[in-house]
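Visitor: 3D, please:
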Amino acid sequence: MQRWTNWAGTATATPSALVAPRDTDEAAAAIRDAARGGGTVRPLGTGHSFSGIGSPDTGCALDLSHWSGIVHADPHTGLVKVRAGTPLHRLNAELDGLGLAMANLGDIDRQTIAGAISTGTHGTGAGLGGLATQVEELELLLADGTEKRCSAAENPELFAAARLGLGALGVITTVTLRCVPAFSLVADERPARLDDVLDDFDQLAADNDHVEFYWFPHASNTLVKRNNRLPAGQSPKPLHPLRHFLEYEVLENRLFGAVCRLGRAVPASVRPLNRFCAATWSARSYSDSSHRVFTTQRNVRFLECEYAVPREALRDVLHELRAAVGRLDDPVMFPVEVRVAAPDDVWLSTAYQRPSAYIAIHQFRGMPHRRWFDAFEDIAGAHGGRPHWGKMHRLDAAALRERYPRFDDFRRVRAEVDPTGVFRNPYLDRVLGACG
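Guide: Numbers count the residues shown, from 1 in each chain. The predicted structure is shown next:
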């Protein structure tokens, strides 16, 4: 069997078999076969998680790439039923053609819809939740091969767990999303000093539909991004295709990739390169369809660790992180990203029952990252931070149990639907503990 590797190269596996079902009967048969032999099954997405959550380990890898596309859409209610293997970029394009859109998105659109909701993918917006909060109904294949539907009204506990289920409860076959009428966003991006942004951040979050900022750890400047709904009746004004190519493809991918490679080859250059990159940030403003503004193509490969902390702790965490950067032996090439989310009721959501600030740290692939990530995890953990399930982190079930009020409820539902661990892998063994 061919070796599997995720996008960042942080997880690899050699599964015993690869099955690419074209319908749920074939998928169910693969699950039953694995269960009878005491094996495991993991659905394969696009491998964009940085943690080992998507690793098929030595079990059966279930390739759902044939299980894609919209099943049914109702423009009047906004309910859209989509197959689990549908990549977000394809879903966004199909929704746009129907006059619909997802209310919020992250900045990457390569993941499948099932992978995105199962790992806690989120965008930014003080009044908006992650992608899992947009789910109205799920259908999934359980460990015995049976298919079960769940929603807030039908099998509500399974739904509460499976909306962000880590792939631990079954193989999602369809997701029903509550979409909104298609809309355009006005994007405003401009540099600002980190201290000024932190002083004004609560107001920034309150005044804008979506706000985030990037900060190079060895510099004092940030790039603040504000995205707001384009008023009805106004036509969007996208960037000229040439400018879009130059700024996003040439500058943010090719040139930045070259700068990162230089920093990796000559570590002493990283700090001045950080300051140079931050100094070159400039203002730009445009408007376009929501999914084109939300998402950005990322070709430069990196490692990532992200924690959600209580909104009120953001300033303290970043001040402590800034101090920690100065004590590192190895410099940090990649910027830090900060976003926000509203509290929600999804059991394993990083924003469960609290307004949250998301802090994501990165390092260019191939550069030392362990001390940087450890320092960040220590700081975020001291403030009750919850790690993104799809990003790199070191926590285990005992630590996570203290941070999620419904952790034991999730484990109880898991024991009911997968008592023998058909869907387990080493990552789930660490973060959820043993099955049963």
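Visitor: for Gly385, what are its contacts?
Guide: Tyr307, Ala308, Val309, Val317, Glu377, Arg403 (Cβ atoms under 8 Å, 6 or more residues apart in numbering). All C-beta spots, glycine's among them, are computed from the backbone N, C-alpha and C.
Visitor: list phi and psi for it.
Guide: Backbone geometry at Gly385, expressed as degrees, to the nearest 10, gives phi -70, psi 150.
Visitor: looking at the contacts of Gly385, which is nearest Leu166?
Guide: Arg403 (14.8 Å; Cβ to Cβ).
Visitor: ok, that closest one touching His393?
Guide: No: in this structure, Arg403 is not within contact of His393 by Cβ atoms under 8 Å, at 11.3 Å.
Visitor: what segments of the stretch 301-436 of the chain are strands?
Guide: 302-310, 336-341, 356-364, 386-387 (DSSP state E, counting those that start in this stretch).
Visitor: tell me which strands the third one pairs with, and in which orientation.
Guide: Strands flanking strand 356-364 in the sheet, each with its direction: strand 302-310 (antiparallel), strand 336-341 (antiparallel) (DSSP bridges).
Visitor: wait, which of those is closest to Asp196?
Guide: strand 336-341 (13.8 Å).
Visitor: next one: that closest one to chain centre, how far?
Guide: 12 Å (Cα atoms, centre = their mean, to the nearest Å).
Visitor: could you list the low-pLDDT ranges of the stretch 151-300 of the chain?
Guide: Of all residues in the stretch 151-300 of the chain, none has pLDDT under 70.
Visitor: where exactly do the strands run in it?
Guide: 171-178, 180-181, 184-193, 210-215, 221-229, 284-289.
Visitor: of all those strands, which one comes closest to Asp107?
Guide: Going by Cβ to Cβ, the one of the strands of the stretch 151-300 of the chain nearest Asp107 is strand 210-215, 8.3 Å.
Visitor: of the strands paired with strand 356-364, which is nearest Glu247?
Guide: It is, among these and with distance given as Cβ to Cβ, strand 336-341, at 18.0 Å.
Visitor: and the closest one with strand 221-229, angle?
Guide: Between strand 336-341 and strand 221-229, the angle comes out at 30 degrees (axes from the mean of the first three to the mean of the last three Cα atoms, to 10 degrees).
Visitor: dump strand 336-341 to CSV, restricted to CA.
Guide: Only the C-alpha atoms of strand 336-341 are listed here, as CSV (Å, rounded to 0.1, in the frame of the first residue of the first chain):
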residue,chain,number,x,y,z
VAL,A,336,1.2,34.8,14.1
GLU,A,337,-2.5,34.9,13.1
VAL,A,338,-5.3,36.2,15.5
ARG,A,339,-9.0,35.7,15.0
VAL,A,340,-12.2,35.6,17.0
ALA,A,341,-15.4,33.5,17.4
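Visitor: and the contacts of that strand?
Guide: 122-126, 128-130, 205, 211-217, 308, 311, 314, 318, 321, 350-351, 355-362.
Visitor: hmm, back to that, just send the strands paired with strand 356-364 back as CSV, with distance to Thr40 and mean neighbour count too.
Guide: Listed next are the strands paired with strand 356-364 as CSV, based on distance: least, Cβ to Cβ, whole Å; neighbours: other Cβ atoms under 10 Å:
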stretch, distance to Thr40, mean neighbour count
strand 302-310, 26, 23
strand 336-341, 32, 24
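Visitor: Gly99: which of the ones you listed is closest?
Guide: Using Cβ to Cβ, the nearest of those to Gly99 is strand 336-341, at 26.4 Å.
Visitor: before we move on, back to that, could you dump the strands of the stretch 151-300 of the chain into CSV with distance to Arg254 and mean neighbour count added?
Guide: Listed next are the strands of the stretch 151-300 of the chain as CSV, based on distance: least, Cβ to Cβ, whole Å; neighbours: other Cβ under 10 Å:
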stretch, distance to Arg254, mean neighbour count
strand 171-178, 35, 24
strand 180-181, 35, 12
strand 184-193, 19, 18
strand 210-215, 18, 24
strand 221-229, 18, 20
strand 284-289, 18, 17
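Visitor: closest to His383 out of these?
Guide: Using Cβ to Cβ, the strands of the stretch 151-300 of the chain put strand 210-215 closest to His383, at 17.8 Å.
Visitor: what is the closest one packed up against?
Guide: When contacts are defined as 3 or more Cβ pairs under 8 Å, 6 or more residues apart in numbering; DSSP states H and E, strand 210-215 packs onto helix 194-207, strand 221-229, strand 336-341.
Visitor: can you show me the CA trace of it as PDB?
Guide: The C-alpha trace of strand 210-215 is given here as PDB (Å, rounded to 0.1, in the frame of the first residue of the first chain):
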ATOM      1  CA  HIS A 210     -14.900  39.700  10.400                       C
ATOM      2  CA  VAL A 211     -11.600  40.900  11.700                       C
ATOM      3  CA  GLU A 212      -8.200  39.300  12.000                       C
ATOM      4  CA  PHE A 213      -4.500  40.300  12.100                       C
ATOM      5  CA  TYR A 214      -1.100  38.900  11.300                       C
ATOM      6  CA  TRP A 215       2.000  39.700  13.300                       C
END
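Visitor: measure the nearest residue in space to Thr350 that is not next to it in sequence to Leu138 for me?
Guide: Nearest non-adjacent residue to Thr350, counting by Cβ to Cβ, 6 or more residues apart in numbering: Ala308, 3.7 Å away. Counting by Cβ to Cβ, to the nearest Å, the gap from Ala308 to Leu138 is 23 Å.
Visitor: for Pro368, which non-adjacent residue is spatially closest?
Guide: Nearest residue to Pro368, sequence neighbours excluded (Cβ to Cβ, 6+ apart): Asp330, at 4.0 Å.
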